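Asks: Model the structure of this input:
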Amino acid sequence: MAQVHSRTTILWRQIWGLTAMLAAILLSFKIYEIYQPTILKNFGFLRLAGWLGIVQGLLSLVIEPIAGRFSDVILRRFSSRLPQITIGVTLAGLIFIGVAWLLQTVYLSQLPWLIPTLMLGWLIAMIAIRGPVVSMLKELAPVRELPRANALLVLALGLVAAVNPLLEVALKQVGASFGFILGAIVLLGGGVLLFKSAPQRIPLPPVTVYRSPWVWSRLLLVFLVGVGVNLGLTAAMTTIPRALQVQFGQSPIEWIVAGMYLVAAVSALPWGKVVGRWGAIMSIRASLGTFIPITGLVLLNQFPVMAILFMAIAGVNLSLLLTSTIPFAIANVPVSQAGLSVGLFLGGGGLAGAIAAWGLGAEQNFNLWTGLLWVTLSFLLTTLCIWLAERFKRA
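Replies: Sure, this is the predicted structure:
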């Protein structure tokens with residue numbers, strides 16, 4: 001009994017280290033998102049700044065699966081994904097420091113293309129480690145514990161998103177150079193915590209060949225579910241806050257989004273236990289299906305008091321969706337293929353982000369009822385893919 005308790009304690013300590021690494025990645029992305037558009041505009045790259053969301057989504061679509069597949073190769077070669085993560089974190093941190101130094105020099109005006117090039121390299125490095133970090137859950141937690149372990153990652157994501165308005169105000173006060181140095185410190189600190197807490201080598205079961213028809217069918221459907229889930233999530237998180245903004249008397253939309261993510265963070269740990277009982281597939285269906293009536297009721301609501309209730313309900317439902325997605329992506333694949341599976345899911349999310357940036361990004365032309373249609377269609381797409389996944393599994 002003492003050995004089991006000790007093993008469980010070590011397991012959750014490792015997952016907390018993984019959570020710290022993910023929080024560092026999320027904070028670094030926030031710093032990038034705050035400064036990058038302004039920097040591009042200041043150096044004359046106005047068109048690129050306008051296409052930033054689409055470019056980032058397409059980069060994720062291409063790089064996430066490749067990076068995930070490569071991390072599986074690294075895992076089989078070194079019995080760990082840490083070498084790839086360590087190199088990526090170090091490279092991204094050095095680029096942040098380099099950008100911070102360049103912004104203080106006089107040479108930058110002569111080489112205006114250098115900053116966009118370096119930031120593109122930083123983005124590629126970060127995308128290349130995000131999936132492998134998430135896929136380490138498969139190595140650390142048993143299948144039955146995946147929802148509870150993923151709930152910790154959702155807690156970190158929710159808290160980072162909740163403090164985003166405050167973080168943005170603070171970072172704009174200190175300037176881009178200090179912000180990028182802070183991002184490098186946070187990123188390298190998260191890497192150190194992960195390196196110290198995670199096992200340096202893990203025992204691997206026999207390798208499952210990628211040519212298995214079930215494996216390839218499953219991975220393709222994970223990608224399509226990633227597209228559907230993230231398209232619905234983006235549509236809901238675009239439509240609901242904009243509708244609530246009117247009902248709250250034109251409150252800043254970023255604070256409404258922050259409130260929803262704070263509720264999602266608070267409710268993540270209880271949802272981890274529920275998803276463990278329901279299963280990831282049922283939880284995804286329930287969450288996306290619930291977003292449809294929530295979005296419709298928010299659009300019809302005329303009472304500010306009810307708007308607070310709807311914001312809380314949407315946040316709780318958001319937490320359920322986020323808690324169940326990663327377990328769906330990795331629960332039914334071998335540990336040696338978890339990187340590719342997570343990469344395909346996140347790559348599907350990148351494609352959804354590019355589609356949403358193109359279709360939902362023009363705020364002046366955005367129709368809230370169109371947002372409800374997007375949520376509904378994404379639910380139907382995801383339900384179809386999950387149904388096909390279950391049929392392939394039975395076959």
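
Asks: what about residue 51, distance to residue 386?
Replies: In this structure, residue 51 and residue 386 are 32 Å apart, going by C-beta to C-beta, to the nearest Å. All C-beta atoms are positioned from the backbone trio N, CA, C, and that covers glycine.

Asks: okay, the two: which has more neighbours?
Replies: Applying other C-beta atoms under 10 Å to residue 51 and residue 386 shows that residue 386 carries more neighbours, namely 22 against 17.

Asks: where's the more buried one, which helix or strand?
Replies: helix 368-394 (DSSP states H and E).

Asks: Now that helix: buried residues?
Replies: Using 16 or more other C-beta atoms under 10 Å as the test for burial, helix 368-394 gives 371-372, 374-376, 378-379, 381-383, 385-386, 388-389.

Asks: Also stretch 62-72?
Replies: 63, 64, 65, 67, 68, 69, 70, 71, 72.

Asks: Out of those, which is nearest to residue 195?
Replies: Comparing the buried residues of stretch 62-72 against residue 195 with C-beta to C-beta places residue 71 closest, at 15.5 Å.

Asks: which residue ranges form the helices in the stretch 101-250 of the chain?
Replies: Per DSSP state H, counting those that start in this stretch, the stretch 101-250 of the chain has helices spanning 114-140, 146-162, 164-174, 176-197, 213-247. These are given in chain order.

Asks: repeat for the stretch 251-395 of the chain
Replies: Secondary structure of the stretch 251-395 of the chain (DSSP H, counting those that start in this stretch): helices located at 253-278, 280-300, 304-330, 338-359, 368-394.

Asks: tell me which strands and helices the last one is in contact with?
Replies: Taking 3 or more C-beta pairs under 8 Å, 6 or more residues apart in numbering; DSSP states H and E as contact, the helices and strands that helix 368-394 lies on are helix 213-247, helix 280-300.

Asks: One more: the shortest one?
Replies: With contacts defined as 3+ C-beta pairs under 8 Å, 6+ apart, the packing partners of helix 280-300 are helix 146-162, helix 213-247, helix 253-278, helix 304-330, helix 368-394.

Asks: would you list those in TSV and tack on mean pLDDT and distance to residue 177?
Replies: Output for those, formatted as TSV (pLDDT from 0 to 100; distance: least, C-beta to C-beta, whole Å):
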stretch	mean pLDDT	distance to residue 177
helix 146-162	93	22
helix 213-247	86	31
helix 253-278	94	24
helix 304-330	93	33
helix 368-394	82	38
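
Asks: so which of those helices comes closest to residue 79?
Replies: In terms of C-beta to C-beta, the element of the helices and strands packed on helix 280-300 nearest to residue 79 is helix 304-330, at 17.9 Å.

Asks: which parts of that closest one are buried?
Replies: Going by neighbour count (16+ other C-beta under 10 Å), the buried part of helix 304-330 is 307, 310-330.

Asks: before we move on, what about stretch 72-83?
Replies: Neighbour counts over stretch 72-83 (16+ other C-beta under 10 Å) mark 72, 74, 75, 80, 81, 82 as buried.

Asks: Most tightly packed of the helices and strands packed on helix 368-394?
Replies: Counting by mean count of other C-beta atoms under 10 Å, helix 213-247 has the highest mean neighbour count of the helices and strands packed on helix 368-394, with a mean of 22.

Asks: same for it, what does it pack against?
Replies: helix 253-278, helix 280-300, helix 304-330, helix 338-359, helix 368-394.

Asks: can I get the ones you listed in TSV with distance to residue 128?
Replies: Listed next are these as TSV, based on distance: least, C-beta to C-beta, whole Å:
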stretch	distance to residue 128
helix 253-278	25
helix 280-300	25
helix 304-330	17
helix 338-359	9
helix 368-394	26
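
Asks: so which of the ones you listed comes closest to residue 32?
Replies: The nearest among these, by C-beta to C-beta, is helix 338-359 at 14.5 Å.

Asks: Pull out the buried residues from that closest one.
Replies: 338-357, 359.

Asks: Which helix or strand contains the nearest residue to residue 172 once chain neighbours are set aside?
Replies: For residue 172, ignoring the flanking residues on the chain, the nearest one in space by C-beta to C-beta, 6 or more residues apart in numbering is residue 34 at 7.1 Å. For residue 34, the host element (DSSP H and E) is helix 2-42.

Asks: what mean pLDDT does that helix have?
Replies: For helix 2-42, mean pLDDT rounds to 78.

Asks: That helix packs against which elements?
Replies: Contact here means 3+ C-beta pairs under 8 Å, 6+ apart; on that basis helix 2-42 packs against helix 46-50, helix 52-78, helix 82-102, helix 114-140, helix 146-162, helix 164-174, helix 176-197.

Asks: and the angle from that helix to helix 82-102?
Replies: Here the directions of helix 2-42 and helix 82-102 differ by 30 degrees (axes from the mean of the first three to the mean of the last three C-alpha atoms, to 10 degrees).

Asks: any idea how far helix 2-42 is from the chain center?
Replies: The chain centroid and the centroid of helix 2-42 are separated by 11 Å, computed with C-alpha atoms, centre = their mean, to the nearest Å.

Asks: between that helix and helix 52-78, how many degrees?
Replies: Using the same axes, to 10 degrees: helix 2-42 against helix 52-78 is 140 degrees.

Asks: pLDDT wise, what is the residue nearest to residue 39 when sequence neighbours are not counted at?
Replies: Setting aside the residues directly before and after it, residue 39 is nearest to residue 115 in space (C-beta to C-beta, 6+ apart), at 5.9 Å. With respect to pLDDT, residue 115 scores 79.

Asks: Near the residue nearest to residue 172, how many other residues are there?
Replies: 19.

Asks: if we can go back for a sec, tell me which residues touch the residue nearest to residue 39, please.
Replies: Residue 115 is in contact with 39, 43, 99, 102, 103, 108, counting by C-beta atoms under 8 Å, 6 or more residues apart in numbering.

Asks: buried subset of the residues you listed?
Replies: So, by 16+ other C-beta under 10 Å, the buried ones in the contacts of residue 115 are 39, 43, 99, 102, 103.

Asks: what sits against the last one?
Replies: Which is residue 103. 39, 115, 176, 177, 180.
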